[in-house]
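Asker: could you work out the structure for the sequence below:
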Amino acid sequence: MSDAVALPGQPRGFVASGPATARAVNVLAPNPSAMTLDGTNTWLLSEPGSDLAVVIDPGPLDEAHLRAVVATAEQAGKRVALTLLTHGHPDHAAGAGRFAELTGTKVRALDPALRLGDEGLAAGDVIRTGGLELRVVPTPGHTSDSLCFHLPADRAVLTGDTILGRGTTVVAHPDGRLGDYLDSLRRLRSLTVDDGVHTVLPGHGPVLEDAQGAVEYYLAHRAHRLAQVETAVENGFTTPEAVVAQVYADVDRSLWPAAQWSVRAQLEYLQDHGLIPGRPE
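Answerer: Here you go, the predicted model:
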């Protein structure tokens, strides 16, 4: 879910279904919008030479899309063996139940309500399927249940909505919290600095070639927005609606309701740190 238009992280051209790395293939869902950009990226991951695949975020409940994901795997000579969710928003997870029926797979997620099967996901989990290794990275902030998946063999990270291929993401207050989100961005920056991750495979938008540049941009963007919100409050604009009208004046009005989520999260953060008085309305 995007709240602005920008080009950090060296995006790789336009978004399309097809291979993105040696182990990752995108199947683009037909749900484009201002919030979902080109649509949801459903990622099909497999170790070269293996006949087993892992799917991350089946996407919306769209029968044609879900069957296209299955067909993409079958055309590559692979069988979907496991389904994972980055978080529970419907554009990522609404199709998970039907996809599980089509593939006979379990669905693993952080939120127990989203799971199908007896296994969840937790920080530090390492998932191995057909020789493919994925490491679970907790990244709350966009939502409380947000996860990323580190794909070390491709020096890549699958970020869901925590980092997008274009623009910046929404902190979906009250479930999402800004302090958690900033900590998650710093965790992802550590992956780029300490673990050599250079590619972002996002939940929406194009692949990013410069993961560290993208994370640094997101951190700078959040610091800039916080300063803008603090200034708006100091100038008497105290309600989320008034702050959005001041701070997001250059953003398409169709995105203002989502911007209010982020502003509420920022107001809460500023108050918690004693930088503005009162509670967000």
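
Asker: quick one: Asp145 and Pro112 touch, right?
Answerer: No: counting by CB atoms under 8 Å, Asp145 does not reach Pro112; the two are 9.7 Å apart. For every residue, glycine as well, the C-beta is placed using N, CA and C.

Asker: okay, these two: which has more neighbours?
Answerer: Each of Asp145 and Pro112 has its neighbours counted (other CB atoms under 10 Å); Asp145 has more, 23 against 8.

Asker: who are the contact partners of the more buried one?
Answerer: When contacts are counted by CB atoms under 8 Å, 6 or more residues apart in numbering, Asp145 touches 87-88, 109-111, 114.

Asker: secondary structure, pLDDT and neighbour count added to those, as TSV?
Answerer: Output for those, formatted as TSV (DSSP: H, G, I helix; E, B strand; the rest coil; pLDDT from 0 to 100; neighbours: other CB atoms under 10 Å):
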residue	secondary structure	pLDDT	neighbour count
His87	coil	98	27
Gly88	coil	98	19
Ala109	coil	98	23
Leu110	coil	97	24
Asp111	coil	97	16
Leu114	helix	97	19
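
Asker: next, format these as TSV and append distance to Thr159.
Answerer: As requested, the contacts of Asp145 are exported to TSV (distance: CB to CB, whole Å):
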residue	distance to Thr159
His87	11
Gly88	16
Ala109	16
Leu110	15
Asp111	18
Leu114	18
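
Asker: after the top helix by length along the chain, next one along is what?
Answerer: As assigned by DSSP state H, the longest helix anywhere in the chain is helix 211-234. Downstream of helix 211-234, the first helix or strand assigned by DSSP states H and E is helix 240-247.

Asker: give me the mean pLDDT for that next one.
Answerer: Helix 240-247 carries an average pLDDT of 94.

Asker: which one of the contacts of Asp145 is nearest His150?
Answerer: Leu110 (15.2 Å; CB to CB).

Asker: show me what contacts the closest one?
Answerer: Leu110 neighbours (CB under 8 Å, 6+ apart): 85, 87, 120-122, 138, 145-147.
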